[in-house]
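Asks: curious how this folds, go ahead:
(4 chains)
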2 protein chains.
Amino acid sequence: MRISQLSTESGVPIPTIKYYLREGLLPQGDQTSATRAEYDQSHLHRLRLIRALLEVGRLPVATIRKVIDAVEDERLDVHHMLGTAHHALSTPVEPHPEDEDWQEARELVDRLIADLGWGVHPLAPTRDELTQAVVTLKRLGMPTSQEDLLPYATAALDLVRDLDITKIPFDGPRDVAVETLVICEVLYGKAFDVLRRLAQESESARILGATPCPPEG
Amino acid sequence: MRISQLSTESGVPIPTIKYYLREGLLPQGDQTSATRAEYDQSHLHRLRLIRALLEVGRLPVATIRKVIDAVEDERLDVHHMLGTAHHALSTPVEPHPEDEDWQEARELVDRLIADLGWGVHPLAPTRDELTQAVVTLKRLGMPTSQEDLLPYATAALDLVRDLDITKIPFDGPRDVAVETLVICEVLYGKAFDVLRRLAQESESARILGATPCPPEG
DNA sequence: AACAATTGGATAGTAAAACTATCGAGCATC
DNA sequence: GATGCTCGATAGTTTTACTATCCAATTGTT
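Replies: Next up is the predicted model:
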């Protein structure tokens, strides 16, 4: 199919598709001549993935690029490919190792992960991300202990082990594996986030003994 | 304290503080003369809250503004104040009620909430948000059923009921209640999100029988 | 073969969000 | 009364994600 058809089928405007091609999010089509290229279902699929990560996951284009690069780097085995994708998904946080609060929080995070027996690399950026949340909670006057975080951690593990992970075809083609992992992480992550807010909405109304609150307007 | 001290204590540059003042995120200081205003601990605290929501929660300034407006609107009782804050926290999604996939997904979401017996307003924007995630999952070839979502929903409810909600002082001053709610929703939400990704990282390494994957570099 | 339409590739422009910088006049303080 | 901080207003910057415009090269269409 040509670019115009790709555009109508996906709902993404042609200039935007060209932009994604430039940015390396979408692979080039099969060039049949100097001014013609042929696209197929894989491009359509990729385009849908890009839009999902952008619109639902609110991932920056640069992050999506990193994930795609990991898939297309043939030197990586499945394990390292997934790892790279994983680390790309964490929002970069610059650590403040000299800060006292930061150090304390980081120790808490490391101890938590160690006590849980989780296999996470000591330098994984995810650790910094969690540290930042813990530091911030403390600064806001809601200090967090390991016991506070533990139930969240075990709940997270339960969900991942029983649901997310079972969906990932580790033995299938590599691109399918990463794609599924990313989708699980981003879209089910989003779904859970919304469900959490729904639950909070419902519980808070229940406690206050009131009827559900309508949106403004 | 003066604006310069507010700046050094919070680490936020003066022009940025002025910007927050202009945008109504930070209340004006106590004006002692035409060119002097006095700020206090409450301003410092608010500033920290703003930065937390911006940096950790990645909330847009406009959203933070909405939450603050809800707190300061004296006509609202605690219930409606929390509700307004709640709805402000959901990323706006424009619904596509004419779309077939959308309709189907929306029915699934409504049925799920009804079956769970959750008290959520029929027009709550949160419903649209979840609908969007469900539609997107379907488009990406991972259709979601009510049974798929149920375990996420019950896990979310457990966390909220046993942890988040217990932290909110419903009978205390109104501003403390919303602030706690927002902090719980945004920061513990973030913490859980990171824990989920950590669990996924760990489980995926375990399944592949590999050692934890180092970050690039 | 003439010719309008489409494409690819390049380049430049735009919109929104979150700052950041500058300026001028008014105090305050030494 | 010189120095320096402050307020308030206004204008400029940076980043991100597009969007628009050109142009020459086709392609299909007559």
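Asks: now check whichever strand or helix holds A:Glu107, is it near chain B?
Replies: Secondary-structure element containing A:Glu107, defined by DSSP states H and E: helix A:100-116. Yes - using C-beta under 8 Å from any C-beta of the partner chain as the criterion, contacts between helix A:100-116 and chain B involve A:Ile113. Bear in mind the C-beta positions are built from the backbone N, C-alpha and C, glycine included.
Asks: in that helix, what's buried?
Replies: Neighbour-count burial for helix A:100-116, counted by 16 or more other C-beta atoms under 10 Å in any protein chain shown, picks out A:102, A:105-106, A:108-109, A:112-113, A:116.
Asks: of those residues, which are in range of DNA strand C?
Replies: Within the set of the buried residues of helix A:100-116, contact with DNA strand C (C-beta under 7 Å from any atom of the strand) is found for no member.
Asks: Serialize these to a markdown table and add fields for distance to A:Pro15.
Replies: Converted to a markdown table, the buried residues of helix A:100-116 look like this (distance: C-beta to C-beta, whole Å):
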| residue | distance to A:Pro15 |
| --- | --- |
| A:Trp102 | 44 |
| A:Ala105 | 45 |
| A:Arg106 | 45 |
| A:Leu108 | 48 |
| A:Val109 | 44 |
| A:Leu112 | 47 |
| A:Ile113 | 45 |
| A:Leu116 | 48 |
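Asks: for A:Val78, which non-adjacent residue is spatially closest?
Replies: Spatially, and ignoring its direct neighbours in sequence, A:Val78 is nearest to A:Arg174 (5.5 Å; C-beta to C-beta, 6 or more residues apart in numbering or on different chains).
Asks: check that neighbour and give its pLDDT.
Replies: Looking at A:Arg174, its pLDDT is 88.
Asks: OK, contacts around it?
Replies: With C-beta atoms under 8 Å, 6 or more residues apart in numbering or on different chains as the criterion, the residues that contact A:Arg174 are A:71, A:78, A:81.
Asks: ignoring the adjacent residues along the chain, who's closest to A:Leu150?
Replies: Setting aside the residues directly before and after it, A:Leu150 is nearest to A:Leu112 in space (C-beta to C-beta, 6+ apart), at 7.2 Å.
Asks: tell me the contacts of that neighbour?
Replies: So, once contact is read as C-beta under 8 Å, 6+ apart, A:Leu112 ends up touching A:146, A:149-150, A:153.
Asks: quick one on the thing from earlier: return the member of the buried residues of helix A:100-116 nearest to DNA strand D.
Replies: Of all these, A:Trp102 has the smallest distance to DNA strand D: 23.5 Å, by C-beta to the nearest atom of the strand.
Asks: okay but that closest one is in contact with A:Glu94, surely?
Replies: No - no contact is recorded between A:Trp102 and A:Glu94 when judged using C-beta atoms under 8 Å, the distance being 10.6 Å.
Asks: buried set for the longest helix seen in chain A?
Replies: For chain A, the helix with the greatest residue count under DSSP state H is helix A:189-207. For helix A:189-207, burial by neighbour count (16+ other C-beta under 10 Å) applies to A:189-205.
Asks: what helices and strands are in contact with that helix?
Replies: Helices and strands in packing contact with helix A:189-207 are listed as helix B:78-89, helix B:125-139, helix B:146-159, helix B:189-207; criterion 3 or more C-beta pairs under 8 Å, 6 or more residues apart in numbering or on different chains; DSSP states H and E.
Asks: and it with helix B:146-159, angle?
Replies: Here helix A:189-207 runs at an angle of 50 degrees relative to helix B:146-159 (axes from the mean of the first three to the mean of the last three C-alpha atoms, to 10 degrees).
Asks: with only the CA atoms kept, save helix A:189-207 in CSV.
Replies: This file holds the C-alpha atoms of helix A:189-207, laid out as CSV (Å, rounded to 0.1, in the frame of the first residue of the first chain):
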residue,chain,number,x,y,z
GLY,A,189,-0.1,-0.2,33.6
LYS,A,190,-2.4,2.5,32.5
ALA,A,191,-5.5,0.4,33.0
PHE,A,192,-4.4,-0.4,36.5
ASP,A,193,-3.7,3.2,37.2
VAL,A,194,-7.2,4.2,36.1
LEU,A,195,-8.7,1.3,38.1
ARG,A,196,-6.9,2.5,41.2
ARG,A,197,-8.3,6.0,40.8
LEU,A,198,-11.7,4.6,40.2
ALA,A,199,-11.4,2.5,43.4
GLN,A,200,-10.3,5.6,45.3
GLU,A,201,-13.2,7.6,43.9
SER,A,202,-15.6,4.9,45.0
GLU,A,203,-14.1,4.4,48.4
SER,A,204,-13.9,8.0,49.2
ALA,A,205,-17.5,8.5,48.3
ARG,A,206,-18.5,5.5,50.4
ILE,A,207,-16.6,6.7,53.5
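Asks: which residue is nearest the middle of chain A?
Replies: For chain A, the residue nearest the mean C-alpha position is A:Val186 (3.9 Å; C-alpha atoms, centre = their mean).
Asks: hmm, back to that, quick one: which of the helices and strands packed on helix A:189-207 is nearest DNA strand D?
Replies: helix B:125-139 (14.7 Å).
Asks: nearest to DNA strand C, out of the helices and strands packed on helix A:189-207?
Replies: Nearest to DNA strand C among the helices and strands packed on helix A:189-207 is helix B:78-89; the distance by C-beta to the nearest atom of the strand comes to 13.5 Å.
Asks: ok, and what's touching that closest one?
Replies: Contacts to helix B:78-89, defined as C-beta under 8 Å, 6+ apart, come from residues A:197, A:200-201, A:204-205, A:208, A:210, A:212-216, B:59, B:63, B:66-67, B:70-71, B:73, B:76, B:121, B:124-126, B:170, B:174, B:177-178, B:181-182, B:185-186.
Asks: show me what counts as buried in that helix.
Replies: Using 16+ other C-beta under 10 Å as the burial criterion, the residues of helix B:78-89 that qualify are B:78-89.
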